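In: Could you look at this predicted model? Sequence included:
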Amino acid sequence: MKQQTARLPSPAPGQAAVTAGAARPDGAAAVSPRRDGRKENAAATQAALCAAGRALFGTVGYEASSVAALCERAGVTAGALYHHYRDKKGLFAAVAEQLDAELARRAGAAVAEALARGDGAWDAFLAGVDTMLAAGNDAGARRIGLADAAAVLGADVWLAIRERHGLGAMMAAVGNLQAAGVCAPGQPRRLARIALGMLYGAIEALPDDSVSAASAMAETRRVTHAMLATLRA
């Protein structure tokens, strides 16, 4: 009498036959999840274009950065730029937003670190402010965010980007300070715009040369801290 071999039930439609990383019943190697090469290539292309934009927009400016030069630096075709960003302005918007988001993340991380080591709410806020000021030593980022962004994108578009990142983070910071009782009462958005405008002005005043950067930064921090102290309750 033949012994019948038990058969496993077929997987339901849309259900993977083998769970990634799990052993198969027949002892064969597990099947790795399929990679989406198109998404990976698209992400790599976008990263290359943004890196090229950050470099060229930050050194020679928006107007002097040609599509050809941007694509040559990124190692992609002009068609790739138009496909992902529509035009040079679209790429600039992506770079400007990337910079503002990065600055907000770095400032937020500095605040969290200060709070974790036991600093008070106001001192933690100033740690975030100092991180923003230190980022101002990047002349390329200053040129993109302070000199060109509003002119290239328009004041409304640039404000919308900042509200998603830098201004949004500052509004949250002001709200947290008010909740902690260390910031004067007032409309958080208005106070945040005042504080952020003060910081942008301080960054814009920083010198481009590295020789005087240290003394300029010390003076800028001292004055900025003193001006922000007027917001304290």
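Out: On my side now, so go ahead. Residues are numbered from 1 along each chain as shown.
In: contacts for the helix or strand hosting L70?
Out: Following DSSP states H and E, one finds L70 within helix 67-74. Helix 67-74 has contacts (C-beta atoms under 8 Å, 6 or more residues apart in numbering) with 45, 48-49, 51-53, 55-56, 77-78, 80-81, 88, 91. All C-beta atoms are positioned from the backbone trio N, CA, C, and that covers glycine.
In: rerun at 6 Å
Out: 48-49, 52, 56, 78, 81, 88 (C-beta atoms under 6 Å, 6 or more residues apart in numbering).
In: Poorly predicted segments of this structure, please.
Out: 1-39 (pLDDT under 70).
In: rerun at 80
Out: 1-40, 208-211 (pLDDT under 80).
In: Where is the longest helix in it?
Out: Counting by DSSP state H, the longest helix found in the chain is helix 88-116.
In: CA atoms of the helix or strand just after that helix as PDB?
Out: Sequence order places helix 121-135 as the next helix or strand after helix 88-116, per DSSP H and E. Provided in PDB are the C-alpha atoms of helix 121-135 (Å, rounded to 0.1, in the frame of the first residue of the first chain):
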ATOM      1  CA  ALA A 121      12.700  74.400  28.800                       C
ATOM      2  CA  TRP A 122      14.200  77.800  28.000                       C
ATOM      3  CA  ASP A 123      17.800  76.600  28.000                       C
ATOM      4  CA  ALA A 124      16.700  73.700  25.700                       C
ATOM      5  CA  PHE A 125      15.000  76.200  23.400                       C
ATOM      6  CA  LEU A 126      18.300  78.200  23.200                       C
ATOM      7  CA  ALA A 127      20.200  75.000  22.400                       C
ATOM      8  CA  GLY A 128      18.000  74.700  19.300                       C
ATOM      9  CA  VAL A 129      18.500  78.400  18.500                       C
ATOM     10  CA  ASP A 130      22.300  77.900  18.700                       C
ATOM     11  CA  THR A 131      22.100  74.900  16.400                       C
ATOM     12  CA  MET A 132      20.300  77.100  13.800                       C
ATOM     13  CA  LEU A 133      22.800  79.800  14.200                       C
ATOM     14  CA  ALA A 134      25.700  77.300  13.700                       C
ATOM     15  CA  ALA A 135      24.100  76.100  10.500                       C
END
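In: Mind listing what's buried along the next helix or strand after helix 121-135?
Out: Using DSSP H and E, the helix or strand that follows helix 121-135 in sequence is helix 139-142. For helix 139-142, a neighbour-count test (16 or more other C-beta atoms under 10 Å) marks 139, 141-142 as buried.
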